[in-house]
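Asks: The amino acid sequence is not available; the structure is as follows:
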């Protein structure tokens, strides 16, 4: 079957993507002002930081003055867990999501009804940018639940008028059956999972090239041009990179257009900056640094200069599609130690919290991440201590399963747990090397 | 009497067993008996030695995780029914054998059995009362 890669007519929601730059900056500045005022009036931590800098919302005169404002970090979300950064009363909050914190507790984000509408609109613009339209059949294999990926893509695709299959993640054979039987045209999942679907499909005698499937909306983990080539060659679909994070809204912060030249940031809603992660000084477009995002519309939980820890650069050159929205370069690394495993964010400190919970004192451990058959694997090796040692096999097996269970309940990921002899995990300069990431993307 | 057994954690890989044995040999500590419980991934070397405290310190100093467990050591005649007799003696007491191992010196001589009971104190009391040679 030859796939139809023709573009549908422009979706009305996409009109904003083409605003003249001067007008876009005006929109951004006006929205920034009212959002900063709202946070100043309603969020104690932000007010305190503004007061410390002797800053008032009225001190902002152009969008470039955003650099005067204090940063927000993941730690701030943890310290104010669960609702401390909310700018809306609970009566107006209609949804919560959560993502991994750096320790045992997740970080929580909240949405008003308007926030959810805005998020849907961002997702409509995302999907429309790569040619999804009403009449498409969208298989949404992002996980549904506290993770923003599932519901974010779901409501966006529905709002666009597509037919959504809310299959959520996992159960590969059923995914392939439905892809084929429903005549699915668009799939949303992590790129590594789609590679796995291609392989498993081949084993089951299903050739993705023969299916009507033509678009993949891939995100929630870093990937490479090489993976894009493998996906497109192996399935005949077009693979697009979508970017987002729960702290800002979820998926739909940025999305590639048909030119596949890096995700366009929906700048009228999410203002991007790139800073030097060490000096925290702003960097010019085109220079690589840490991406900082400010929500310009969010009511329930405005994020001001949120440090994403993702390393990228803002692409200054105009895109062939004509959008005035700047693009981000492919994100390959982070300025912190966060790992993304099967789309789930994982901090080594979460593993520590889980091990401590079981053992009382922290044993030496090592996290080994690999990719087998295009699926991420997580192994946690734990040195057996005299305190934790049992003289029976069943006692040690129980220790293993208690450790694995504790890690799963904190991170949402079930690791392969391996007990190793004391002093076998390599220490460098007295400090253990905690993470070995063997994945080659 | 109850003996102190050393349990040593070993990874299941070539050479893992020889290292603790070599250490004990060098320190002139005689292994009286041992058993090895193993899985695909790890093993537990259980040792009965003459000076268990010295052996424990030595092994721990050399980086091994070592656990001390109280075990019961019995001498039984090396003939059919020797082990069954001990188990019969404990029947109905509710005492559970977690694991056991043993050796004989010479055929026809005595056998030495090492038991790890969940309630070693009661086990010793019962076995003594019933005339077993508890070492």
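Replies: Noted; the coordinates are in hand. As the structure is a computational prediction, the values presented were derived from the model and not from experiment. Numbering: from 1, shown residues only, chains lettered A, B, ... in the order given.

Asks: switch to C-alpha atoms for all contacts and neighbour counts from now on
Replies: Noted.

Asks: ok, and the closest non-adjacent residue to residue A:135?
Replies: In space, residue A:135 comes closest to residue A:162 once its chain neighbours are excluded; the distance is 5.2 Å by CA to CA, 6 or more residues apart in numbering or on different chains.

Asks: give the contact list for the one you found.
Replies: When contacts are counted by CA atoms under 8 Å, 6 or more residues apart in numbering or on different chains, residue A:162 touches A:132-138.

Asks: Pull out the buried positions in stretch B:3-17.
Replies: If you call a residue buried by 16 or more other CA atoms under 10 Å in any protein chain shown, then stretch B:3-17 has these buried ones: B:3-12, B:17.

Asks: Could you tell me the end-to-end distance of it?
Replies: For stretch B:3-17, the first-to-last residue distance is 22 Å (CA to CA, to the nearest Å).

Asks: anything in that stretch sitting right up against chain A?
Replies: Yes - applying CA under 8 Å from any CA of the partner chain, one finds stretch B:3-17 in contact with chain A at B:7-11.

Asks: contacting residues around that stretch?
Replies: Stretch B:3-17 is contacted by residues A:384, A:389-391, A:420-421, B:38-49, B:52, B:56, B:64-73 when judged by CA under 8 Å, 6+ apart.

Asks: Let's see which of the residues you listed end up in strands.
Replies: Per DSSP state E, strands hold the following members of the contacts of stretch B:3-17: A:420, B:38, B:42-49, B:66-73.

Asks: Residues of chain A that sit close to chain B?
Replies: Proximity of chain A to chain B (CA under 8 Å from any CA) is limited to residues A:384-387, A:389-393, A:418-423.

Asks: what's around the nearest residue to residue A:245 once chain neighbours are set aside, how many residues?
Replies: Sequence neighbours aside, residue A:251 is the residue nearest to residue A:245 in space, at 6.2 Å (criterion: CA to CA, 6+ apart). When neighbours are defined as other CA atoms under 10 Å in any protein chain shown, residue A:251 has 26 of them.

Asks: who's residue A:251 bridged to?
Replies: Beta-bridge partners recorded for residue A:251 (DSSP bridges): residue A:244.

Asks: tell me the two of the buried residues of stretch B:3-17 that are most distant?
Replies: Maximum pairwise distance in the buried residues of stretch B:3-17, criterion CA to CA, is 26.7 Å, between B:3 and B:12.

Asks: For residue 45, list the residues it contacts.
Replies: With no chain named, the answer covers chain A. residue A:85.

Asks: look at chain B instead
Replies: Residue B:45 neighbours (CA under 8 Å, 6+ apart): B:6-10, B:17, B:34-37.

Asks: can you put those in a markdown table and add pLDDT, distance to residue A:10 and secondary structure?
Replies: As requested, these are exported to a markdown table (pLDDT from 0 to 100; distance: CA to CA, whole Å; DSSP: H, G, I helix; E, B strand; the rest coil):
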| residue | pLDDT | distance to residue A:10 | secondary structure |
| --- | --- | --- | --- |
| B:6 | 95 | 75 | strand |
| B:7 | 95 | 72 | strand |
| B:8 | 95 | 70 | strand |
| B:9 | 95 | 66 | strand |
| B:10 | 93 | 65 | strand |
| B:17 | 90 | 71 | coil |
| B:34 | 91 | 78 | strand |
| B:35 | 92 | 75 | strand |
| B:36 | 91 | 72 | strand |
| B:37 | 89 | 69 | strand |
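
Asks: Closest to residue B:88 out of these?
Replies: Distance to residue B:88 across these (CA to CA) is lowest for residue B:35, with 23.5 Å.

Asks: quick one: contacts for the closest one?
Replies: Residue B:35 is in contact with B:45-47, B:101, counting by CA under 8 Å, 6+ apart.

Asks: And the strands in the stretch 101-250 of chain A?
Replies: For the stretch 101-250 of chain A, the strands defined by DSSP state E, counting those that start in this stretch occupy A:107-112, A:137-140, A:163-165, A:186-189, A:215-218, A:238-245, A:250-255.

Asks: closest to residue A:297 out of these?
Replies: Across these, the minimum distance to residue A:297, taken as CA to CA, is reached by strand A:107-112, at 11.1 Å.

Asks: what angle sits between the closest one and strand A:250-255?
Replies: With axes from the mean of the first three to the mean of the last three CA atoms, to 10 degrees as the basis, strand A:107-112 and strand A:250-255 are set at 80 degrees to each other.

Asks: How about the residues of chain B by chain A?
Replies: With CA under 8 Å from any CA as the criterion, chain B comes near chain A at residues B:7-11, B:37-39, B:41-44, B:46, B:63-67, B:69, B:98.

Asks: Quick check on those: which are buried?
Replies: Those of these that meet the buried threshold are B:7-11, B:37-38, B:42-44, B:46, B:63-67, B:69, by 16+ other CA under 10 Å.

Asks: On the pLDDT front, check the residue nearest to residue A:245 for me.
Replies: Listed pLDDT for residue A:251 reads 97.

Asks: My read is that it contacts residue A:152, right?
Replies: Yes - counting by CA atoms under 8 Å, a contact exists between residue A:251 and residue A:152, whose distance comes to 6.2 Å.

Asks: Quick check: neighbours shared by the two?
Replies: Going by CA under 8 Å, 6+ apart, residues that sit against residue A:251 and also against residue A:152 are residue A:123.

Asks: Can you get me a residue count around residue B:73?
Replies: Residue neighbour count, defined by other CA under 10 Å, stands at 23 for residue B:73.

Asks: tell me the contacts of the closest residue in space to it that isn't next to it in sequence?
Replies: Across the structure, with CA to CA, 6+ apart as the measure, the residue nearest residue B:73 apart from its sequence neighbours is residue B:114 (4.6 Å). With contacts defined as CA under 8 Å, 6+ apart, the neighbours of residue B:114 are B:71-74, B:100-102.

Asks: Going along the chain, name the helices of chain B.
Replies: B:18-26, B:52-61, B:82-90, B:120-129 (DSSP state H).

Asks: Mean neighbour count for the ones you listed - can I get that in CSV?
Replies: Supplementary listing: those in CSV, determined by neighbours: other CA atoms under 10 Å in any protein chain shown:
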stretch, mean neighbour count
helix B:18-26, 14
helix B:52-61, 16
helix B:82-90, 14
helix B:120-129, 16
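
Asks: Export the ones you listed to JSON lines and append columns for mean pLDDT.
Replies: As requested, these are arranged in JSON lines below (pLDDT from 0 to 100):
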{"stretch": "helix B:18-26", "mean pLDDT": "93"}
{"stretch": "helix B:52-61", "mean pLDDT": "94"}
{"stretch": "helix B:82-90", "mean pLDDT": "89"}
{"stretch": "helix B:120-129", "mean pLDDT": "90"}
